[in-house]
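>>> Would you be able to build a 3D model of this:
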Amino acid sequence: MTSVDSATQPAQPSAPASLAALVRAGVMDAELGALLWMLVEARTPVVVAGQPGSGRSLVASALLDALPRGTRVQVVDPADEFAWMPEAVELGWRAAVHAASNPPDRLAAAGGVLHVRNLADAERAGVTGERARIVVRALALGYGMVATMPGRRLEDVLDRLNEPAIGTDEDERSRLGVVLVLGAREAGAPVPARVEAAHYVRPLAYDTHHHVQRLPPAALTTWNATSGRWDHFAWGVLADLGGRTGLRPVVFEREQAARASALATLASC
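Now for the predicted structure:
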């Protein structure tokens, strides 16, 4: 009998109930939910974009629930002084303010996930200006992030972070990870709006000759109004996504399929 290498077989995971609830409500399907579950677990940044009332905060909360138990989540306040971030001055924060603080428990980039409500959204008293710039720059150090932002398109997210008051550059914005774009929420609906598109913003990279590689964002999922379902394109960037999670593409696909099955099963209960 041929033995099976159990190290390459995905274990049947326990699906996060809040993520399964979004699948049940038709906010996303199990395939996209499984993909997000894997990427968030690997601390890939995710931005949930949508207009006020779209339910973007509910989607963000479900993603936070998908983090591994024990992950430290740091809420970034609109008036945050980043005393908890050891690298804040290195990223451009005000040295005098940072030096005056002595928090007992600073956050390590290797294990921390930033929770940012209303990033670059002054109308809703969100995290704006230089604070938003520090948040985006921190992603290059390895911090994870789940953030909400206004926007109807990926371009809206990128444009807001490029505004002079925030002033991130193209390379810094390339670290945004996944950008989910929600559609319009039906009046009185108890669930968030449907995910209209999921994009993967590919980070600045270097080839084997140390030449800078700036690749355009890739579509992961889009809603097809004609067929009434989601079209999936993550297969086109499996090597990139596998690099995020430390899995070979074939193992990544198996793991995603196992998680999609777990989500679909829980969503049907």
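
>>> all helices of this protein, in order?
Secondary structure of the chain (DSSP state H): helices located at 17-24, 30-41, 56-65, 95-99, 129-138, 154-161, 170-173, 238-245, 249-267.

>>> Quick one: closest of those helices to residue 85.
For residue 85, the closest of the helices of the chain is helix 129-138, at 6.8 Å, according to CB to CB. Just so you know, the C-beta spots here come from the backbone N, C-alpha and C atoms, and that holds for glycine as well.

>>> what angle do that closest one and helix 154-161 make?
120 degrees (axes from the mean of the first three to the mean of the last three CA atoms, to 10 degrees).

>>> Out of the helices of the chain, which is closest to residue 181?
helix 154-161 (6.5 Å).

>>> So which elements touch that closest one?
Identification of packing neighbours for helix 154-161 by 3 or more CB pairs under 8 Å, 6 or more residues apart in numbering; DSSP states H and E yields strand 46-49, strand 177-182, strand 195-201.

>>> could those be laid out in a markdown table, adding mean neighbour count, mean pLDDT and distance to residue 153?
Listed next are the helices and strands packed on helix 154-161 as a markdown table, based on neighbours: other CB atoms under 10 Å; pLDDT from 0 to 100; distance: least, CB to CB, whole Å:
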| stretch | mean neighbour count | mean pLDDT | distance to residue 153 |
| --- | --- | --- | --- |
| strand 46-49 | 26 | 98 | 8 |
| strand 177-182 | 25 | 98 | 6 |
| strand 195-201 | 22 | 98 | 8 |
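
>>> Export these to CSV and append columns for distance to residue 167.
CSV is the format used below for the helices and strands packed on helix 154-161 (distance: least, CB to CB, whole Å):
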stretch, distance to residue 167
strand 46-49, 18
strand 177-182, 19
strand 195-201, 18
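
>>> quick revisit: if you compare the helices of the chain, which one is most tucked away?
By mean neighbour count, with neighbours taken as mean count of other CB atoms under 10 Å, helix 30-41 ranks first of these at a mean of 24.

>>> So what touches that helix?
Contact with helix 30-41 is made by 15-16, 19-20, 22-23, 28, 46, 63-64, 66-68, 144, 146, 177-178, 180, 195, 198, 220-221, 230, 232, 234, 241, 244-245, 252, 255-264, 267, as judged by CB atoms under 8 Å, 6 or more residues apart in numbering.

>>> which of the helices of the chain has the lowest average pLDDT?
Set side by side, those give their lowest mean pLDDT on helix 95-99, at a mean of 60.

>>> Tell me the buried residues in stretch 115-131?
Of the residues in stretch 115-131, those buried by neighbour count under the rule 16 or more other CB atoms under 10 Å are 115, 116, 117, 118, 119, 120, 121, 126, 127, 128, 131.

>>> and residue 171, what is it in contact with?
204, 214.

>>> With residue 25 instead?
Counting by CB under 8 Å, 6+ apart, residue 25 touches 191, 192.

>>> Any figure for the gap between it and residue 67?
21 Å (CB to CB, to the nearest Å).

>>> Residue 80 now?
On the measure of CB to CB, residue 80 and residue 67 end up 20 Å apart.

>>> same deal with residue 254?
Relative to residue 67, and taking CB to CB, residue 254 is found at 22 Å.

>>> Please apply the same query to residue 130.
Following CB to CB, the distance that separates residue 130 from residue 67 is 27 Å.

>>> Same check on residue 180?
Distance from residue 180 to residue 67, by CB to CB: 16 Å.

>>> Then residue 227?
33 Å.

>>> Looking at the two, which has the bigger crowd around it?
For residue 227 versus residue 67, the count of surrounding residues by other CB atoms under 10 Å is larger for residue 67: 18 against 8.

>>> For the more buried one, which residues are in contact?
40, 41, 73, 113.

>>> do that again at 6 Å, thanks
For residue 67, the contact set (CB atoms under 6 Å, 6 or more residues apart in numbering) is empty.
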